[in-house]
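Undergrad: Here is the input, now give the coordinates:
(one chain, ligands or ions: 2)
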Amino acid sequence: MSLQPTYGVLVPALYAFLLYGLRFALFASIAFHLSDPSRPHPRGRPHIDRPPKFQLNPNLRRELGQSTLTLLIFAAVNAILFGYGLLHSSRLYFKVTEFPTWWFWTSIPVMLALHDTLFYWLHRVMHSRLLFAKMHRQHHESVYPTAFAAYSFGWSEALAEALIVIAIIFIIPVHPLAFLIFQTLSTAYNVYGHCGREFYPESVSGHWAGRWMNTSSLHAHHHRHGRGNYSFYFTFWDRVMGTLVPTAQK
Ligand SMILES: [Zn+2]
Ligand SMILES: [Zn+2]
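TA: Numbers count the residues shown, from 1 in each chain. Ligands and ions are numbered 1, 2, ... in the order given. Coordinates of the predicted model:
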């Protein structure tokens, strides 16, 4: 494989930075606004928690700075993938008729399940004594995260997070549009997980299907206590591995 850039790296880097950046800025701004403590909750549910007011601004500035670094790393990974033609070795298919329509739609929940699995195990490993300080400490500087903490990683975690998402297109056949939908859902769920307000109705945690969904309250508990509730979208791996810590707010 030639390691000369095939398509140039600057244009794909710029496109990726704009796509990831604008999508994140839009979702995080909406979630930040909706989770403002002065706004009454539509179902009267209390806030999960908020940092003391004097901490909010420095906290937010740090989250914005680290998130920008993460976006630059995401853009660089995409630039290398596109620019060096590595996508040709992936299982991306560009002709929508190449696979049945049912697979196009099924591939989206399959990608969510795959990402949830890869994320859970990466997250567990990053909480090990060996790697926590090197990879994951920056993300946990947000004890009371805001929506902008969703991407506030150190450089090595940002790189690992980018690689587990990219790994998916090397594992299963995926159409780029389905991949875009998956990534958009992923960004939205990540932002929700850090926003500090629970939007699920209280009945969700008791529902036979709802109990398998990860919630913002569960991830807020992870940030406050630094252990348990390692999942992303679903509680499956936390339940199987016995790491689920239910919260008072479910
Ligand atoms: Zn963690
Ligand atoms: Zn987090």
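Undergrad: In contact with Met213, which residues are there?
TA: Contacts for Met213 (Cβ atoms under 8 Å, 6 or more residues apart in numbering) come out as 200, 204, 233-235. C-betas here are computed from N, CA, C, even on glycine.
Undergrad: Tell me which residue is most central in this protein.
TA: With distances taken as Cα atoms, centre = their mean, Asn190 lies nearest the centre of the chain, 4.1 Å away.
Undergrad: So that one versus Met126, what's the distance?
TA: Asn190 is 16 Å from Met126, where distance means Cβ to Cβ, to the nearest Å.
Undergrad: ok, now Gly154?
TA: 10 Å.
Undergrad: Now for those two: what residues contact both?
TA: Common neighbours of Gly154 and Met126 (Cβ under 8 Å, 6+ apart) are 135-136.
Undergrad: Can I get the contacts of Met213 in JSON lines including distance to His219?
TA: Compiled in JSON lines, these are given as follows (distance: Cβ to Cβ, whole Å):
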{"residue": "Tyr200", "distance to His219": "12"}
{"residue": "Val204", "distance to His219": "14"}
{"residue": "Tyr233", "distance to His219": "11"}
{"residue": "Phe234", "distance to His219": "12"}
{"residue": "Thr235", "distance to His219": "11"}
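Undergrad: from those, which has minimum pLDDT?
TA: When the contacts of Met213 are compared by pLDDT, Val204 scores lowest at 73.
Undergrad: number of nearby residues for Val96?
TA: Per other Cβ atoms under 10 Å, the neighbour tally for Val96 reads 12.
Undergrad: again, but for the one 10 residues further on
TA: The burial metric for Thr106, expressed as a neighbour count using other Cβ under 10 Å, is 13.
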